[in-house]
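Chemist: Got a sequence here, can you model it:
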Amino acid sequence: MRLPSFHPVPGRVPAARRRRVTTKSGNFTGGGRMRTVRLPAWARAALSALLLAGPVTAPPAGAAEPSKAEAAGKPARSALSPEETRLAYERGDCEAAVPGLEAAVAAHPGRAVSLYQLGFCLDRLGRNEEAAAHKKRATELFEREAAGGKSWEPFYYLAAMAALDKGDTERARAHAREGLMRLPAPERLDGVACFRASRLAGFAEKPDETAAWMRRAAERFMSEKSPPVVYAIEAFQGAGGDALAVGENERARDWLERAGAMPGALQDVWLAAGVARLRLGDGPGALANFRRVSDEPLRTETQYAVKLLEKAGDLKGLPKTLPDGRAIEQISGEDFRATLRSACAGEMQEASRPAALALLVAQLRRAELLRETALAAGCIDLLFR
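Modeler: Got it, this is the predicted structure:
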């Protein structure tokens, strides 16, 4: 089970680690039937940028050279402070970030991270020739750092640039695996470093290491006072989805709800957080999470979960077995669908109604969407009348 999450562009990361969601019946946290959520424009920009983010270096006053806009006689935006530039870059606001990045590069022309960040943003703004020059220089500097030192970080940037800018997955994999070998012990890394280590493992096509590092990032971010928002969302959603998949429902609840509370998180996270609470027996908490979903098409799907829990009431009162002795949680596949059809067909009878509700709750606990199942089984009147 995988939660949807913030990858820069679908297809540019190993398929095993893409985060997806579906609006069809089926498991909504992962699997081959899923389709990718389309992120808002600002989020797509921010996340591609943040994959390679680094702190913005402060320039001395007056160090920036005239921008292209100034040279053309157009009004140019004033450079933000280094902190404001960092925040603009992290949220994907390249127009606001460029003056500060230009100032940083002018002050520190040998700083590879600043060069790449400026190149990335200029690319986003259509200034492609300038962008290419900055990225080329950044690549040369990162390669020099990689050859002359023991740090893993140049390999992170080289792997990411090979994959994202050039589509060279073989070179990205080689850089990533070299970087992984140079990683220090996990306890020496903060949340951002663990997050980047997860990305490095993803480029190396090592899904187990990717998941392990993402969990470490989530654990670090839970205790850090002000983690970078987009990194944290990705970590909480990814690690929360993995925890939900293996039945670590308390941890999944905590991580997923932390993600949902952050600006820019996809609303799918509330679906999964609702399932985590449902599995913990917290019906009111699950209902509250499902009600947080307001964007279509998820809202239509989630209304079935909302109506189900409103009808079911106290979950402890639902039957655990059918009249024939079968355990409801153990029924699956075509047997489940046939049993549900039978229960919904007889739901006007008081004896059938609790069984139909319990079957649908069992499906929701498995993180399976309800709409098509309810329609096919004739359960609409049970939920909505």
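Chemist: And the pLDDT for residue 24?
Modeler: What the model reports as pLDDT for residue 24 is 35.
Chemist: Wait, residue 142 touches residue 115, no?
Modeler: No. Look at residue 142 against residue 115 with CB atoms under 8 Å: they stay out of range, at 9.3 Å. No exception for glycine: its C-beta is placed from N, CA and C like everyone else's.
Chemist: Residue 221 belongs to a strand, doesn't it?
Modeler: No. Under DSSP: H, G, I helix; E, B strand; the rest coil, residue 221 falls outside any strand and is assigned helix.
Chemist: quick one: contacts for it?
Modeler: Residue 221 is in contact with 191, 227, 231-232, 235-236, counting by CB atoms under 8 Å, 6 or more residues apart in numbering.
Chemist: pLDDT weak spots in the chain?
Modeler: The chain contains residues with pLDDT under 70 at 1-78, 347-351.
Chemist: quick one: the helices in the stretch 151-300 of the chain?
Modeler: Using DSSP state H, counting those that start in this stretch, the helices assigned to the stretch 151-300 of the chain run over residues 153-164, 169-181, 191-203, 207-223, 229-245, 249-260, 268-279, 283-291, 298-312.
Chemist: Domain ranges for the chain, per the record?
Modeler: As given by automatic domain parsing, the domain ranges for the chain are 15-273, 317-384.
Chemist: quick one, which of those is nearest to residue 300?
Modeler: For the domains of the chain, proximity to residue 300 was assessed by CB to CB; domain 317-384 is nearest, at 7.0 Å.
Chemist: okay, how far is it across the closest one, tip to tip?
Modeler: One end of domain 317-384 to the other measures 20 Å (CA to CA, to the nearest Å).
Chemist: ok so, going back, could you look over the domains of the chain and pick the most buried one?
Modeler: Comparing the domains of the chain by mean neighbour count (mean count of other CB atoms under 10 Å), domain 15-273 ranks first with a mean of 20.
Chemist: Might you calculate how far that domain sits from the centre of the chain?
Modeler: Offset of domain 15-273 from its chain centre (CA atoms, centre = their mean, to the nearest Å): 12 Å.
Chemist: Could you do stretch 374-385 as well?
Modeler: Counting by CA atoms, centre = their mean, stretch 374-385 comes out at 32 Å from the chain centroid.
Chemist: what's in contact with it?
Modeler: Contact with stretch 374-385 is made by 304, 307-308, 311, 337, 340-341, 344-345, 347, 353, 356-357, 360, 373, as judged by CB under 8 Å, 6+ apart.
Chemist: out of the residues you listed, which one sits closest to residue 289?
Modeler: Nearest to residue 289 among these, counting by CB to CB, is residue 308 at 13.5 Å.
Chemist: what's the burial count for the closest one?
Modeler: 22 (other CB atoms under 10 Å).
Chemist: That one contacts residue 373, correct?
Modeler: No. With contact defined as CB under 8 Å, residue 308 does not reach residue 373; the gap is 10.9 Å.
Chemist: can you list residues touching both of these two?
Modeler: The contact lists of residue 308 and residue 373 share residue 360, where a contact means CB under 8 Å, 6+ apart.
Chemist: Which of the helices of the stretch 151-300 of the chain sits closest to residue 91?
Modeler: Among the helices of the stretch 151-300 of the chain, helix 229-245 sits nearest to residue 91 (CB to CB), with 7.6 Å.
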